[in-house]
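Chemist: build me a structure from this.
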Amino acid sequence: MENSRIAAQGLVLLGCGKMGSAMLEGWLARGLPAASVWVRDPYPSEWLQATGVQINTDLPATPAIVLVAVKPQMMAEALPVLRNMGNSDTVFVSVAAGTPISFFETTLGAQTPVVRAMPNTPAAISQGITAIVANDHAGARGLDEAESLLSAVGEVVRLSEEAEIDAVTGVSGSGPAYVFHMIETLADAGVAEGLPADMAMQLARATVAGAGALAMAADEDPTQLRINVTSPNGTTQAALEVLMDEQDGMPALMRRAVAAAAARSRELARG
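Modeler: Residues are numbered from 1 along each chain as shown. Here you go, the predicted model:
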């Protein structure tokens, strides 16, 4: 990772659970010196203790970045201890769901640079996608630094306004669970057609994983890929006539699901 400001001033990781560990592993693999990373975590894992980073020690006064990766319900307790870093050039990057930028400005100071990020769970295997948005005090530099950090665990997209984060939550933040449920239901449907349960699950998992990989690798968009495998009056067309039904099929169901997740995200942000 080529960022001299981070290497010189240090990076503080507040919380090192699954998401924090995945990001830290990516940073270290990209060449961020372990000595320039401070981690605050009440239950450091054996893996974390073996990385060489500084764990639960005194923090630098003005680190380049504080990445906040604690659970939202822990935020009110964990964040105020860093109040002395607010209103400086330290950029706070938060991956905590449901915590708006205004919470950080209120807790840390109105002049604090803040970048809010919404990653998803495939970040744990560096296959995630994260959406980011910043306040005016973070600016272009804050966004660039956040993108540099978060690209260690997958793709990064930039939002034009914070209100879009709720839709992102509905699509990519919660989206992996939709895909996992699709695997469950596809396997169950195979069992209903007479397949052994373990074989149905193997087929379903490999099919969804392979289709996703093809969608990422192919030049064609998903619509064209669907058309490519749909022979007229064939088996795939018979299935798609059920799935693509505008009233009872996947289009209406997915719109309702994403809308429900986005609405809940807005509720959580309001407290």
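Chemist: tell me the helices and strands packed up against the longest strand seen in the chain.
Modeler: As assigned by DSSP state E, the longest strand anywhere in the chain is strand 128-134. Judged by 3 or more C-beta pairs under 8 Å, 6 or more residues apart in numbering; DSSP states H and E, strand 128-134 is in contact with strand 114-118, helix 139-150, strand 154-158, helix 165-168. In this view, the C-beta of every residue, glycine as well, is placed from N, C-alpha and C.
Chemist: any idea which of the ones you listed is most buried?
Modeler: Burial of the helices and strands packed on strand 128-134 is given as mean neighbour count (mean count of other C-beta atoms under 10 Å); strand 114-118 ranks first at a mean of 27.
Chemist: partners of it in the sheet?
Modeler: strand 91-94 (parallel), strand 128-134 (antiparallel) (DSSP bridges).
Chemist: quick check: mean pLDDT of that strand?
Modeler: On average, the pLDDT along strand 114-118 is 97.
Chemist: remind me which residues of this structure are low pLDDT?
Modeler: Judged against pLDDT under 70, the low-scoring parts of the chain cover residues 1-3, 271.
Chemist: all helices for it, in order.
Modeler: 4-9, 18-29, 46-49, 75-78, 101-108, 139-150, 165-168, 175-192, 197-217, 222-228, 235-243, 250-270 (DSSP state H).
Chemist: can I get those helices in CSV including distance to V68?
Modeler: Below are the helices of the chain laid out as CSV (distance: least, C-beta to C-beta, whole Å):
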stretch, distance to V68
helix 4-9, 16
helix 18-29, 9
helix 46-49, 17
helix 75-78, 7
helix 101-108, 8
helix 139-150, 12
helix 165-168, 15
helix 175-192, 21
helix 197-217, 29
helix 222-228, 34
helix 235-243, 40
helix 250-270, 15
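Chemist: which of those sits closest to V91?
Modeler: Across these, V91 has its closest neighbour in helix 139-150 (4.5 Å, C-beta to C-beta).
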